[in-house]
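S.K.: return a 3D structure for these sequence lines:
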Amino acid sequence: MSTATPEKKRLGVQILTPEGVVHHGVAAMVIAPSVGGEVGILPRHVPLIAALHPGRTRIKMLDDTEVVMATTEGYIAVEEDQVLIMVEQAELAGDIDRGRAELALSTAQEALAAAGDDTVAQEAAKAAIRRAENRLKVVDKAAS
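M.R.: From the prediction side, this is the model:
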């Protein structure tokens, strides 16, 4: 009888933004903020495509550490133990500058107040507010 430790099942994970690859590697699990609620992906998950909303995306690595990112709107696709997350922006929780995120929130709130009846400017400001609020939530959760 072998005493070797069984190898953990793996997921290939790639997180893409318009600027390029933000994360590429192998993980044990991925947890992402889908519009229908948080979705957890383990190896051998059924194929899936889901829309994502801004939130905290977590990648549980094979060594039981966790990579946490603030991610924006986008999509997750799962097929054959491969997870592809495509979002507008993704930032590691440890890289978020709280002061800069607070300034971005304040600036976006001012832009919304100044937008008046301009629906395009209103929507752009609301999106900036959602992004800044998400970054603040993720950095606060990482600190606790």
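S.K.: give the buried residues for the helix-or-strand element of the chain with minimal mean pLDDT.
M.R.: Using mean pLDDT, DSSP states H and E, helix 119-143 stands out as the lowest-scoring helix or strand of the chain, at a mean of 89. Buried residues in helix 119-143, counting neighbours by 16 or more other C-beta atoms under 10 Å, are found at 125, 128-132, 134-136, 138-139. For the C-beta atoms, the positions are set from N, CA and C on the backbone; glycine is no exception.
S.K.: okay if I get those as TSV plus distance to Gly20?
M.R.: Supplementary listing: those in TSV, determined by distance: C-beta to C-beta, whole Å:
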residue	distance to Gly20
Ala125	27
Ala128	22
Ile129	26
Arg130	23
Arg131	19
Ala132	23
Asn134	21
Arg135	20
Leu136	25
Val138	21
Val139	23
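S.K.: closest to Leu42 out of the residues you listed?
M.R.: Sorting the buried residues of helix 119-143 by how near they are to Leu42, with C-beta to C-beta, puts Val138 at the top with 22.6 Å.
S.K.: OK, contacts around the residue most central in space within the chain?
M.R.: Among the residues of the chain, the smallest C-alpha distance to the mean C-alpha position (C-alpha atoms, centre = their mean) belongs to Thr71, namely 3.0 Å. Residues near Thr71 by C-beta atoms under 8 Å, 6 or more residues apart in numbering: 15, 32-33, 52, 54-57, 85, 87, 89-90, 134.
S.K.: do the same with Glu133
M.R.: If you count contacts by C-beta under 8 Å, 6+ apart, then Glu133 has 54, 105 around it.
S.K.: please report the distance of it from Val120.
M.R.: With distances defined as C-beta to C-beta, to the nearest Å, the gap from Glu133 to Val120 amounts to 21 Å.
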